[in-house]
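quick one, what's the 3D model for this:
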Amino acid sequence: MNILMMTNTFTPHVGGVARSIESFTAAYRNLGHQVMVVAPTYEHMPNDEKNVVRIPAIQRFNGSDFSVILPLPGFLSDAVDDFHPDLVHVHHPFLIGGTALRIVKQQEIPLVFTHHTMYEQYTHYVPGNSKAMQKFVIKLSTCYANLCDLVFAPSDSVADILRSRGVETPIEVVPTGVNLERFSRGNGAGFKAALDIPGDAFVIGHVGRLAPEKNLEFLTMAVAAHLKTDPLSHFLVVGNGPSATILRTIFSDRNLSDRMHIVTQLDYPLLASAYKAMDVFVFASKSETQGMVITEAMGAGVPVIALNAPGVREVVEDFSNGRLLSTETLSDFSAALQSFARLGPEERDRYRTAARLTAQAFSQETIAARAITLYQGLHNAGFADRQKEYSAWQSVVGMIKAEWHLMMNFLEAADAALADDETKSEQTLSGR
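So this is what the prediction gives:
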């Protein structure tokens, strides 16, 4: 099959969606299928990309590490025509999502949509974030899902949420697979030595984009609370993003900076070594739809301590492959860390074995083969035009634009009023 992947985020951006697309693309190609990825430009993009079409984009939108694709009608036409896609798999309902709709109409091919993200938890990246904007993005993603022929949900929790919101399109639970061979390797002892982490240290690890929606302030304070009780524990973080400063500040304020180790970005095979250096993986995000890093950690044999949340509860089993905490308190999280630090060798091995067994259910090859079977079923069924659903989606897009303009006008008026007040104050002072 010829599969056209369309996304608002891709490498070198660090995040679950980019890594998911990269993983599926590699797996599909290994199975003998052709994949073309349409993605935004980024700073420091790879020079040797295979069958990737980059669209001009605004870099570091609103202080984030995201690129925002610029709408350029007709930019993709020749590349898509030459590729002859059998279907389009889109990974976002906005920006690139509109382009995907136009392509499937022109090509008369099926459209698949993966609902990777709970978008309402990311509106803080938009100037003038408001409750109305949050409601609109939920409606937008729901209407978009109903425009598609099939929706992939990364977990059962997300599938249930989408159905409750009114998604009528068939939903299949298709998580991102894990390359078990890749994560079973790695030199944990060597990685610790390279970072000057003592060989006998109890290493608490985290991998991911360091951003506010990941609940990292809570996570870091919980880890710091544990480190205050255990001088042998160290915190290893692999990732980068706007919250990195907060993490460092929390540890600095508690005089623990020498036991925090932040590595901004790692590629394979060093990432596998980073996982292997960890004794336990910690995760506090409540905005995930799957939490790929959890299954990656388990693929490396690392048990996980996490909050009970969508995309997490399907993977972490309490007192089996880790701890699944039902309450979000610093005392409970740090207590769970303390109990893991005190485990004997046999108990640690039991947790590690359970983690590896869990990861096997998320084998990259198995999940990719299932996705291809679903694709082929859609391709055989043919194209279905959904004009009624398209009109509903356009209506929500219009409401979001109106909310955006209203909020921007409000912000401009507020700025003008503040500037006017400052001018009057200066005039008053100069008159004295």
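
quick one: what helix or strand has Arg370 in it?
Element membership of Arg370, judged by DSSP states H and E, is helix 364-381.

in that helix, what's buried?
Gln364, Ile367, Ala368, Ala371, Ile372, Leu374, Tyr375, Leu378, His379 (16 or more other CB atoms under 10 Å). (Each C-beta comes from the backbone N, C-alpha and C, glycine too.)

where does the fourth one land on pLDDT?
Listed pLDDT for Ala371 reads 97.

ok, now the last one?
Confidence per residue is given as pLDDT, and for His379 that number is 93.

who are the contact partners of the closest residue to it other than its chain neighbours?
The shortest distance from His379 to any non-neighbouring residue, by CB to CB, 6 or more residues apart in numbering, is to Asp86 (5.2 Å). With contact set as CB atoms under 8 Å, 6 or more residues apart in numbering, Asp86 has these partners: Met1, Asn2, Ile3, Ile109, Tyr375, His379.

backbone phi and psi for Asp86, please?
phi -90, psi -30 (degrees, to the nearest 10).

low-confidence ranges, the chain, go.
13-14, 57-74, 118-130, 132-133, 386-432 (pLDDT under 70).

domain map for it?
Taking automatic domain parsing as the domain assignment, the ranges for the chain are 2-177+366-415, 180-362.

the nearest residue to Arg370 once chain neighbours are set aside: what's it in contact with?
Nearest residue to Arg370, sequence neighbours excluded (CB to CB, 6+ apart): Val174, at 6.7 Å. Applying CB under 8 Å, 6+ apart, one finds that Val174 lies in contact with Thr114, Phe152, Ala153, Pro154, Ile367, Arg370, Ala371, Leu374.

what do you get for Leu343?
Counted by CB under 8 Å, 6+ apart, Leu343 has contacts Tyr351.

any idea how far the nearest residue to Lys192 once chain neighbours are set aside is from Ser23?
Excluding the flanking residues, the one nearest Lys192 by CB to CB, 6+ apart is Ala277, at 4.8 Å. Going from Ala277 to Ser23 by CB to CB, to the nearest Å gives 22 Å.

and what of Ala309?
22 Å.

can you check Phe94 too?
23 Å.

quick one: which of those two has more around it?
Legend: neighbour count by other CB atoms under 10 Å for Phe94 and Ser23, higher for Ser23 (19 against 16).

do you have the helices of the stretch 1-150 of the chain handy? List them.
16-30, 77-83, 96-107, 131-145 (DSSP state H, counting those that start in this stretch).

list the buried residues for the last one?
The neighbour-count check on helix 131-145 (16+ other CB under 10 Å) flags 132-145 as buried.

what about the closest residue to Ala39 other than its chain neighbours, how many neighbours?
Among residues not flanking Ala39 along the chain, Phe10 sits closest, at 3.5 Å (CB to CB, 6+ apart). Phe10 sits with 27 neighbouring residues when counted by other CB under 10 Å.

Phe10 reaches Pro40, doesn't it?
Yes: in this structure, Phe10 is within contact of Pro40 by CB atoms under 8 Å, at 7.1 Å.

closest to Pro242 out of the helices of the stretch 1-150 of the chain?
Smallest distance to Pro242 across the helices of the stretch 1-150 of the chain (CB to CB): 16.5 Å, for helix 16-30.
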